[in-house]
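Novice: Structure, please.
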Amino acid sequence: MMNEDLKALIEGAQQLEEWFGYWPGFHDAEVLSLDIRSNQPSLLRLYFWHTDWNEVDEQGYFRRSKFVTVNFVFEDVASCELVGFNHGEGVTFGLEIRHQEDLFRVELYPCVGVAGNVTARRLRIELTPGEIQR
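Specialist: Prediction:
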């Protein structure tokens, strides 16, 4: 769950919460890309969905819905610490956003692949609903 004051500071945070009906923790989100740039917006793209832990499909998998690509757009990046980037799949254990001393810090916890954090002066969230084509 995200603090209401913090949500108010991040453009697009309210829309993300409205999409799911709750603030997502991004457990099992797929890292699609991470693009860090100087003097331009940087971008972390995650593919995520709602998992219904109480219902399974015909194959025995938990049902998923509300598929969305979530873009975390960073402006004026102050620091970036990343480890574990690989050539294959990147899956998160979770994601946390903090705000301190006029900086936003997005912490990416790993399951497989990249982990670390990006700290920037400005952060916004953009949503692209729908399943991605593989």
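Novice: use CA for all of it now, contacts and neighbours both
Specialist: Noted.
Novice: And W23, how far from L46?
Specialist: Here the criterion is CA to CA, to the nearest Å. By it, W23 lies 15 Å from L46.
Novice: no wait, F26
Specialist: 9 Å.
Novice: go on, G60?
Specialist: Remark: distance between G60 and L46 (CA to CA) = 25 Å.
Novice: These two: who's more crowded?
Specialist: Neighbour count, other CA atoms under 10 Å: between G60 and L46, L46 has more, with 22 against 8.
Novice: For the more buried one, give me the pLDDT.
Specialist: With respect to pLDDT, L46 scores 96.
Novice: repeat for the one 5 residues further on
Specialist: In the prediction, the pLDDT value recorded for T51 is 93.
Novice: can you offset everything so residue one is 53?
Specialist: Shifting the count to begin at 53 puts that one at T103.
Novice: From what I see, it and R115 are in contact.
Specialist: Yes - between T103 and R115 there is a contact under CA atoms under 8 Å: 5.9 Å.
Novice: can you pull up the bridge partners for the spatially most central residue of the chain?
Specialist: Per CA atoms, centre = their mean, the C-alpha nearest to the average position across the chain is that of L98, at 5.1 Å. Per DSSP bridges, the residues bridged to L98 are V83, V122.
Novice: Next, Y74: secondary structure please.
Specialist: coil (DSSP: H, G, I helix; E, B strand; the rest coil).
Novice: Helices of the protein, residue ranges please.
Specialist: Applying DSSP state H to the chain gives helices spanning 56-61, 65-72.
Novice: which stretches of this structure have low pLDDT?
Specialist: 53, 138-140, 186 (pLDDT under 70).
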